[in-house]
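Engineer: sharing a sequence plus its predicted fold:
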Amino acid sequence: MRNYDPSIPLFSIHIPKAGGQSFSDVLASWFNNNRFPNLNNHPKLSKILTPLNADLFLQRFLGCGLYFHYKDHVLNKPPRKIPLGKGYGSLLSRKIPECIHGHFESYGDGKSLFEYYPKARQFVTVLRDPLQLQISLYFYHKRLLNNGVIYWNGHKNNSLAFPCLEDWVKNRGAYMLNLFPWKITKDNFIEILKSNFVHLCVVENYQTSIDILADKLGCPTVKVPVINKSPRDEGDLLSDSTINFFKEKHELEYLIYNYALSINQF
């Protein structure tokens with residue numbers, strides 16, 4: 001894996017239902033010691049501070065280097081591009097380590113991570129067993145649908161594309177691969193992972209992953225919190241044939257995941 005360089009931003013690719021919310025808390029303990037609020041969770045405060053990037057000036061003045069990259073699907077509002085690599089502003093000149101965490105898929109607008117941040121060079125992410133990821137996504141979307149809060153690109157969804165777990169698992173396309181900004185194949189995946197990622201964490205060995213990453217970043221290790229865990233209906237079970245079909249269909253995702261597992265052993 002590549003060595004961490006604190007003088008350039010670290011990009012954290014948040015894969016939904018792979019411990020991303022918990023990882024956000026871990027990153028905050030390293031890059032946001034003063035706990036500057038995530039304005040995505042405070043819309044009223046966001047309206048006050050985001051004009052003219054006043055929030056960024058205040059954040060840097062407080063020494064907080066953690067930023068977020070998320071689309072507002074209810075308002076169909078794209079993520080804001082953060083002017084990375086700046087100092088504290090006019091009051092202080094020294095730079096602080098920066099990390100930007102979020103969903104970097106194109107959302108259908110054609111803008112990839114590298115179109116937002118063409119100089120992005122070092123990355124980190126948390127992976128999860130691809131099958132368990134899809135199962136968790138199914139129950140998460142099902143819960144959102146029951147609560148009437150599924151939005152995508154400004155449109156409210158009133159149904160799941162695949163209404164039962166078996167159909168969901170059989171018919172969903174590659175997921176994890178679509179969240180990476182590279183064209184990854186069976187021939188190049190190890191080269192891409194080693195040359196771009198400081199570390200690949202895994203949910204199934206989460207605490208060990210965080211301990212290893214902390215050492216690479218030169219940060220104190222922290223206990224991983226459990227956040228945003230989706231409840232499951234135990235009545236929804238998968239047949240062995242469906243499980244085998246899924247694993248064969250998503251062989252490349254399992255190659256990547258198994259590689260990540262192999263580097264998270266003490």
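Structural biologist: All right, it came through fine.
Engineer: pLDDT below threshold where in the protein?
Structural biologist: Counting by pLDDT under 70, the chain contains low-confidence ranges at 34, 73-75, 86-94, 107-110, 147-159, 227-236.
Engineer: how about the helices in it?
Structural biologist: Assigned by DSSP state H, the helices in the chain fall at 20-31, 43-49, 54-61, 113-116, 130-147, 165-171, 189-196, 206-217, 240-249, 251-262.
Engineer: pick the most deeply packed of those.
Structural biologist: Compared across these, helix 20-31 shows the largest average neighbour count, a mean of 20 (mean count of other C-beta atoms under 10 Å). C-beta here means a position set from N, CA and C on the backbone, and glycine is covered the same way.
Engineer: send the alpha carbons of that helix over as CSV?
Structural biologist: Extracted C-alpha coordinates of helix 20-31, given in CSV (Å, rounded to 0.1, in the frame of the first residue of the first chain):
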residue,chain,number,x,y,z
GLY,A,20,-19.1,4.4,6.8
GLN,A,21,-21.0,6.3,9.5
SER,A,22,-18.8,4.6,12.2
PHE,A,23,-15.7,5.4,10.1
SER,A,24,-16.8,9.0,9.9
ASP,A,25,-16.6,9.2,13.7
VAL,A,26,-13.2,7.6,13.7
LEU,A,27,-12.0,10.1,11.1
ALA,A,28,-13.4,13.0,13.2
SER,A,29,-11.3,11.9,16.2
TRP,A,30,-8.2,12.2,14.0
PHE,A,31,-8.9,15.2,11.7
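Engineer: so which bits of stretch 122-132 are buried?
Structural biologist: Buried residues in stretch 122-132, defined by neighbour count with 16 or more other C-beta atoms under 10 Å: Gln122, Phe123, Val124, Thr125, Val126, Leu127, Arg128, Asp129, Pro130, Leu131.
Engineer: chain center to it, what's the gap?
Structural biologist: Remark: stretch 122-132 is offset 8 Å from the chain centroid, using C-alpha atoms, centre = their mean, to the nearest Å.
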